[in-house]
Structures are given as C-alpha cells and as structure tokens.
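**Q** Here is a sequence with its predicted model. Questions after.
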2 protein chains.
Amino acid sequence: MTIRVLIVDDQAMVRAGFAALLAAQSDIDVVGEASDGRQGVEVSRSTHPDVVLMDVRMPEMDGLAAARALLEPPPGVVHRPKVLMLTTFDVDDYVYEALRAGASGFLLKDAPPADLIAAVRVVASGDALLAPSVTRRLIADFARQKPSRAKDPSLRLNGLTPRETEVLELIARGLSNQEIAGRLVLAEQTVKTHIGRVLAKLDLRDRAQAVIFAYESGLVSPGDAG
Amino acid sequence: MTIRVLIVDDQAMVRAGFAALLAAQSDIDVVGEASDGRQGVEVSRSTHPDVVLMDVRMPEMDGLAAARALLEPPPGVVHRPKVLMLTTFDVDDYVYEALRAGASGFLLKDAPPADLIAAVRVVASGDALLAPSVTRRLIADFARQKPSRAKDPSLRLNGLTPRETEVLELIARGLSNQEIAGRLVLAEQTVKTHIGRVLAKLDLRDRAQAVIFAYESGLVSPGDAG
DNA sequence: GGTGGGGTGCTACTTGGGTATGAGGCGGGG
DNA sequence: CCCCGCCTCATACCCAAGTAGCACCCCACC
C-alpha cells in the first residue's frame, strides 16, 4: 500500500525538493501540493492524503490553524490525515500547540533527507516522531509537571480518614455541604463535622483553601470531569 | 571526541551484540558492561561513560532504579551520564517512570541497528530520542492533560476585567476578602463587588467554585507558589 | 471486657461570604 | 459633550459555612 502525501509549504523550492525526495520512494506517492494553509486544507479534503507535511509558518492560514482544521474536522468531514509539522526553527510554542492539536510529529527542516522519509513512514503507520531537540523538551516538561503528585501535600493527605478524603474531594468538585450530604446520604451536620476535621488536620481556613489543597496535592487535577 | 558508552543488560548475548555494533563506530567507545543494575551503577561511577545503555528488566536492581541512581546521584558524586533505556516490550509504566527520572530516551530492542547507533549519538549530544510508538503515547498524554488552558473556561475568562481577574487569582490563592482588600488596597466591600461580578459572569456559586474555575482554566496551576 | 478511633448525628452560636441596590469618579470613544 | 465601562464604596440583609461541645454506634485490637 503506497503512502499518499500532501505537501503544504509556501516556498515553491522547498515543496519541489520534498516532492522529488519523497516521490523517489516506491512506497510514497505525492498526491498534491499547496502553498498556504487554507489551500492545504482544501486540497487535503479533495485528495485524502494519508500524511500531510505541513510547514508551520505560512501566509493566509498558518500551519497550526491548518493542522487544527484537519485534525478536528467539522461535522460531515470524515477524512482525517496524519499531520507532520515542519519548521526551520524549533520554536517551542508552536510545538506544543501543534502536538496539542493532534499532530503526529515535528521535524526541523535541517534534518537529513533520510529522516524525513523515515518520518513519513512512521507517521503513516500511526506512530509519532519528533526531532530530537523537541523530544528533549517534551520530556523535560513532562518530567517537570507530574511529580507534584508525590509532594508534600499528598503526604499530609495520609492523615485523613477515607470518609474525610471523600468529603474533601466533593468540596473540590464545587459541591455545597447540602449537596455533599445528599450525595453521601448523610445529614448536613455530619458533613460539617467531617469538613471541620479536614480543615483542622490540614490546617486550612475554609473550603476554598480546601479546594486549593485538593488540586495541589493531586487529589483532583485540572481536567478531571466530575 | 569519542562517545564513551556503558552497556547494562542481564543477557550476555545482547550485551555482546550491542558492544560489537557500537564499537565498530569510529566515534563510539564501549568502556564497560554490566549485567545488573547495581553493578551498572558501580561501573558507571568508575568509568564515567557519556551514555549508559540500560535494559529495563534486570535482576538485582532493575533498570529504573539504576537510572534513578545515576540521574539523581548522591551528594559527592558529580558524574551524571545520559541514560538511554532499552526494552523488549513497550510497557508504558516503565516509560513514564524512566522519563520522569530523567532518562534521555527509550528504545525498543527490535529497532534497526542504525537507530541504536543514531540514538547514542543523539543522546550524547544532549538531545533526546524515543521509539516512535513511545513518542505517540507521550504526545497523546501530553495533549490530553493540558488542553484545559486553551479550552472553554479560559475563553470565558476573557469576559473578566483585569481587576476581576486579579481578584479571582487571589481567591484561588486562598485569601479571604479582607486579605484581598489589604493586598489590593481596597475596601472589603469593593472586593465583594468584584467577586460578585466574577461569580455572576462565570456562573459560579461561591469562592470554592471560583477556585476550581481558576485551576481548570489555567489561571493558576498546581505548583504555582505564591 | 474495655479502650480507642472512625463514622454519624445533634443543638446552638458566630461570622464570613454573597446579594441587592445605589451611587460617585474617571477615562475613552462616538 | 455625553455615554458607557470600569473601578470604587456604602448600607442593609440573609444564610451557608464554620465552631464548639456532646453523644451514640460499631468494630478492631489489646
């Protein structure tokens, strides 16, 4: 099965170079080219490539916006290509935006040609691939942001009984005492008692601080839906 | 400058294979081998390799523990090699643990030999490298956990005036109305007015929910100190 | 069998927080 | 110039939330 590739870049010479490079591979077909993001989205919609090679910086509609358009298609559009972002500089803002949008990879244009070809194959197969410098940063970020879970606050969490922890979590979901009582089938007074103990044990003043503690300790995290 | 490599793997045949492969490169020296984690740490301390090739699964002390020992050296130990983890299966728990510990890469043993050699060079240069399937997962995780910042809540944040945003942030730090008033040099009543507007605009009931909103929208994040 | 911790519940009291309404000052845009 | 949004503040009211003290049940552990 050949890999259908679409090349989106505003520089004609770059497009030509990539196209020649890729077309020389027996398992890769270049099915189209586009010179800006808007056009890229259109061509992608009509040619259904497996992989879109997308330059980040482009006129009209930049690569990020185009990637988003392709990766979160409007209702009715079923085709969803893999997107491999390309850039001359490794500007991290772009990287994160692109990855968040669902891009499958991020390469620097100064990478060896063989890398580009390999990247297209990897991405087409459903895996992902990043330039080494980008990988380094991603890992650093990843390593930096998580360990909060194992910090100080969560140690103090051990002092709480299961019931108290449960109540704390519901506070952190924004429930009132009455709602918590309803949810746990308790008298509102009981909820107050539990909360009182939680606040005392954790040395907090009110439920607002309890919410903060819940987030800081990792008991709940941004994105946890109800 | 040649790259000094230490190979740590419990299977002698694997070690031999890797050693032969790497030693054949003019820019790579294999300065040692070890058959378990504990030994690996010792040999690393005595031979000061640039890169440690570390198998994940090993007797005595597994690759993760060994990696941690090398990457967070005890006081007095200054040498800190790059660690490239190797595994037969791509078990994600290990991946995350290793990356969090500070590993520079994660490769599957079924990767082509050229990849291993390239990986050693990349890692030695200070960049990072992951197996494509690992990269895919890391990106997926990364994309899944952060999007809060660009989503719903932060859009509604735009409806807030600068002052209101400021007040919201202080609420999310756990301050009482009085404390906020003090901090911003305002009457407490003024603070209440602002809060009232914030709650109304964001459709929240009380300051506890405001704290939640602040975290979910990314206005504040776990780990933000004062 | 006693002891202690966890869970539950009550009465009673205090207060911080949220609501309602109104109003004055200030700066920018029509 | 006038209007409007933002920031400021006051008065007044209400109630959810937090505090204090006590009490009962159950169960694990000694």
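**A** Noted; the coordinates are in hand.
**Q** Tell me the residues on chain A that lie near DNA strand D, please.
**A** Of all the residues in chain A, those in contact range of DNA strand D (CB under 7 Å from any atom of the strand) are A:176-178, A:189, A:192-193, A:195-196, A:199-200, A:205-208, A:210. Just so you know, the C-beta spots here come from the backbone N, C-alpha and C atoms, and that holds for glycine as well.
**Q** Among the residues you listed, which ones lie close to chain B?
**A** When contact is defined as CB under 8 Å from any CB of the partner chain, these meet chain B at A:S176, A:R205, A:D206, A:R207, A:A208, A:A210.
**Q** Skip the chain neighbours and tell me the closest residue to A:G174.
**A** Counting by CB to CB, 6 or more residues apart in numbering or on different chains, the nearest residue to A:G174 once its immediate chain neighbours are dropped is B:Q209, at 4.2 Å.
**Q** Under a three-state scheme, what state does that neighbour occupy?
**A** helix (DSSP: H, G, I helix; E, B strand; the rest coil).
**Q** ok, now which ones touch A:G63?
**A** For A:G63, the contacting residues are A:V8, A:G37, A:M54, A:D55, A:V56, A:R57, A:M85, A:L86, A:Y94, A:A98, taking CB atoms under 8 Å, 6 or more residues apart in numbering or on different chains as the criterion.
**Q** who's in contact with stretch A:180-196?
**A** With contact meaning CB under 8 Å, 6+ apart, stretch A:180-196 is reached by A:R163, A:E164, A:E166, A:V167, A:L170, A:I171, A:L175, A:N177, A:Q178, A:R207, A:A210.
**Q** Dump those into CSV; add secondary structure, pLDDT and neighbour count as well.
**A** Shown next, in CSV, are those (DSSP: H, G, I helix; E, B strand; the rest coil; pLDDT from 0 to 100; neighbours: other CB atoms under 10 Å in any protein chain shown):
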residue, secondary structure, pLDDT, neighbour count
A:R163, helix, 89, 14
A:E164, helix, 89, 19
A:E166, helix, 88, 15
A:V167, helix, 90, 28
A:L170, helix, 92, 22
A:I171, helix, 93, 28
A:L175, coil, 93, 21
A:N177, helix, 91, 19
A:Q178, helix, 90, 10
A:R207, helix, 94, 24
A:A210, helix, 92, 23
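**Q** What is the burial count for the residue nearest to A:S125 when sequence neighbours are not counted?
**A** Nearest residue to A:S125 in three dimensions, chain neighbours excluded: B:P132, at 7.8 Å (CB to CB, 6+ apart). Neighbouring residues of B:P132 were enumerated by other CB atoms under 10 Å in any protein chain shown; the total is 24.
**Q** My understanding was that B:P132 contacts A:V122; is that so?
**A** Yes: under the criterion of CB atoms under 8 Å, B:P132 lies in contact with A:V122, with a separation of 4.6 Å.
**Q** what sits in contact with each of those two?
**A** Taking CB under 8 Å, 6+ apart as the contact definition, B:P132 and A:V122 share the neighbouring residues A:A128, A:L129.
**Q** Is the residue of chain A most remote from its centre in a helix, a strand, or coil?
**A** Residue distances from the centre of chain A (CA atoms, centre = their mean) peak at A:Q189, which lies 42.7 Å from the mean C-alpha position. Three-state assignment for A:Q189 (three-state DSSP): helix.
**Q** how far away is it from DNA strand C?
**A** In this structure, A:Q189 lies at 4 Å from DNA strand C, with CB to the nearest atom of the strand, to the nearest Å as the measure.
**Q** Check what pLDDT that residue gets.
**A** In the prediction, the pLDDT value recorded for A:Q189 is 91.
**Q** Please apply the same query to A:L160.
**A** 81.
**Q** how much space is there between the residue nearest the centre of chain A and chain B?
**A** By CA atoms, centre = their mean, chain A has its centre lying nearest to A:R100, at 3.0 Å. Remark: distance between A:R100 and chain B (CB to the nearest CB, to the nearest Å) = 5 Å.
**Q** my guess is that residue is in a helix, correct?
**A** Yes: according to three-state DSSP, A:R100 belongs to a helix.
**Q** Quick check: nearest residue in space to it, chain neighbours excluded?
**A** Distances taken as CB to CB, 6+ apart put B:A143 closest to A:R100, at 4.9 Å, once the chain neighbours are dropped.
**Q** list the contacts for that neighbour?
**A** B:A143 is in contact with A:L99, A:R100, A:A101, A:G102, counting by CB under 8 Å, 6+ apart.
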